[in-house]
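# have a look at this fold, sequence not included:
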Ligand code: NAD
Ligand code: TDX
């Protein structure tokens, strides 16, 4: 099988490439990645002789057409992915998440190529802390941020292309991922690397917001399950029952690193900050037989802390720049 992996030099896409090369030698991988600030091509160094890497934009119609013509399946991870950046400047989010996805859709339509579209639980908006419900495949879309609204729009484009043009696509909406090779702008790596560089973790607002954490390898395993056995045209929610509030995550990181558990700062809240995400992945588990392997969040976090401790050369060059960016708007409030 020939697979075109968009965004394969980013966090989830690169983990997907690494695990696929290790477990599926029959898959021939081409990565299409614009190598934005979010990419770190060195992540793929260990498999560079086993894959092809094309530096390019998913919104480049000629390039995309040429690559899609040579592949059996497109696995579409590429996106602008960080909510805080989308609040500072939404333009790249509209261009990549909407126009880029549209460009891929037109190419898979022309070449009748299978597509798996990767998306997020943020398309459903948020839940109250005391709401007993969780997101399912039938929850109405209600995104809050420029990031999540452009991801919601990209999902709707895929669904429309399935219905109107009969393209062979599946979709998945996953909860918050953690694990190795995640950019230090994101919550968990930011806090781990703050502590490792002698700074204090930074919690937005009061730290009561809840995210539903899943290890990146479990996400990618679910993606392969859907590619192998999912029904074309359908959407599957991916989650590992990992609901945890942000304060608990920070306290656990501090504890793992041997620091006092109150050694963090409360800072200005994110505008429009979603309160809680929670995924009900019953459909994926019962219809396709998937289940997560990382069911102990603390153990997964310990392994992730170890990874950042042992791979400072991977994140150190971008850490100060990310913190300078945050310092422009962030104020300590508690
Ligand atoms: P990331 O920001 O780490 O990586 C994104 C990659 O896409 C980068 O390598 C970047 O260079 C590339 N890219 C950006 N614009 C591009 C363009 N125009 N053309 C080609 N490549 C481009 O993101 P991630 O966290 O790995 O997320 C991957 C996908 O998973 C996204 O679609 C995201 O919405 C989705 N998702 C992420 C999470 C999460 O917790 N991180 C959860 C659910 C879904
Ligand atoms: O320094 C911080 N302090 C803090 O309290 C940062 C960076 C974040 N937070 C909070 C905001 C969120 O409640 O932590 C939570 C997680 O923040 P992010 O890592 O920015 O993730 P989130 O906004 O939840 O979105 C993530 O999960 C869904 C990914 O970035 C998306 O790409 C994915 O779709």
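Here it is on my side, so go on. Note that the coordinates shown come from a computational prediction; the quantities given were computed from them, not determined experimentally. Residues are numbered from 1 along each chain as shown. Ligands and ions are numbered 1, 2, ... in the order given.

# what about residue 244, which helix or strand?
Residue 244 is part of strand 243-245 when elements are defined by DSSP states H and E.

# need the residues that contact that strand.
Strand 243-245 is contacted from outside by 207-213, 276, 278, 297, using Cβ atoms under 8 Å, 6 or more residues apart in numbering. (Each C-beta comes from the backbone N, C-alpha and C, glycine too.)

# same question for stretch 186-204.
The contact list for stretch 186-204 (Cβ under 8 Å, 6+ apart) reads 11, 82, 176, 178, 182-184, 211, 246-247, 249-250, 253-254, 257, 259, 263-270, 273, 301, 304-305, 308-309, 312, 315, 319, 322-323, 326, 330.

# quick one: average pLDDT of it?
Taken as a whole, stretch 186-204 has a mean pLDDT of 98.

# just how off-centre is it within its chain?
19 Å (Cα atoms, centre = their mean, to the nearest Å).

# tell me if that stretch is near ligand 1.
No: Stretch 186-204 stays clear of ligand 1 (Cβ under 6 Å from any ligand atom), getting no nearer than 6.7 Å.

# list phi and psi for residue 75.
Backbone geometry at residue 75, expressed as degrees, to the nearest 10, gives phi -110, psi 110.

# let me see the contact set for it.
Residue 75 neighbours (Cβ under 8 Å, 6+ apart): 3-6, 16, 116, 118, 223, 227.

# tell me how far it lies from ligand 1.
As judged by Cβ to the nearest ligand atom, to the nearest Å, residue 75 and ligand 1 stand 10 Å apart.

# read off the pLDDT value for the closest residue to residue 279 other than its chain neighbours.
Nearest residue to residue 279 in three dimensions, chain neighbours excluded: residue 239, at 2.7 Å (Cβ to Cβ, 6 or more residues apart in numbering). For residue 239, the pLDDT comes out at 98.

# what is the burial count for residue 239?
Using other Cβ atoms under 10 Å, the number of residues around residue 239 comes to 28.

# go on, the one 5 residues further on?
Under the neighbour criterion other Cβ under 10 Å, residue 244 is assigned a count of 16.

# for residue 160, same thing?
Neighbour tally, residue 160, other Cβ under 10 Å: 12.

# can you check the one 3 residues further on too?
Residues near residue 163, counting by other Cβ under 10 Å, number 10.

# do you know how far residue 85 is from residue 96?
Remark: distance between residue 85 and residue 96 (Cβ to Cβ, to the nearest Å) = 11 Å.

# show me which residues of the stretch 1-150 of the chain are close to ligand 1?
Residues of the stretch 1-150 of the chain lying near ligand 1 by Cβ under 6 Å from any ligand atom: 6-7, 9-13, 32-36, 38-39, 57-59, 77-81, 96, 100, 118-120.

# can you narrow the residues you listed down to the ones near ligand 2?
Among these, the ones lying near ligand 2 by Cβ under 6 Å from any ligand atom are 81, 120.

# which PyMOL command selects the buried ones in the residues of the stretch 1-150 of the chain next to ligand 1?
Provided next is the PyMOL selection string for whichever of those are buried by 16 or more other Cβ atoms under 10 Å:
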select buried, resi 6+7+9+10+11+12+13+32+33+34+38+39+57+58+59+77+78+79+80+81+96+100+118+119+120
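
# among the residues of the stretch 1-150 of the chain next to ligand 1, which ones are in strands?
Members of those lying in strands (criterion: DSSP state E): 6, 32-33, 118-120.

# export the residues you listed as a markdown table, with columns for pLDDT.
What follows is these, written out as a markdown table (pLDDT from 0 to 100):
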| residue | pLDDT |
| --- | --- |
| 6 | 99 |
| 32 | 99 |
| 33 | 99 |
| 118 | 99 |
| 119 | 99 |
| 120 | 99 |
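
# need the max-distance pair from these.
Pairwise distances across these (Cβ to Cβ) peak at 20.1 Å, for the pair 32 and 120.

# ranges for the helices of the protein?
Counting by DSSP state H, the chain has helices at residues 11-23, 61-69, 83-88, 91-93, 101-111, 146-165, 187-196, 216-229, 246-256, 282-288, 297-310, 312-327.

# what sits up against the second one?
Outside of helix 61-69, the residues that reach it under the criterion Cβ under 8 Å, 6+ apart are 4, 30, 32, 54, 56-58, 74, 103-104, 106-108, 110-111, 113.

# would you mind checking those residues for buried ones?
For the contacts of helix 61-69, buried by 16+ other Cβ under 10 Å: 4, 30, 32, 56-58, 74, 103-104, 106-108, 113.

# how is this protein carved up into domains?
Following the assignment in automatic domain parsing, the chain carries domains at 2-178+213-238, 187-210+243-277+297-327.

# hey, which of these is tucked in deepest?
Of all these, domain 2-178+213-238 has the most neighbours on average by mean count of other Cβ atoms under 10 Å, namely a mean of 19.

# what's across from the residue of the stretch 1-150 of the chain found nearest ligand 2 in the sheet?
When scored by Cβ to the nearest ligand atom, the stretch 1-150 of the chain has residue 120 as its residue closest to ligand 2, at 3.0 Å. Applying DSSP bridges to residue 120 yields these beta-bridge partners: residue 174.
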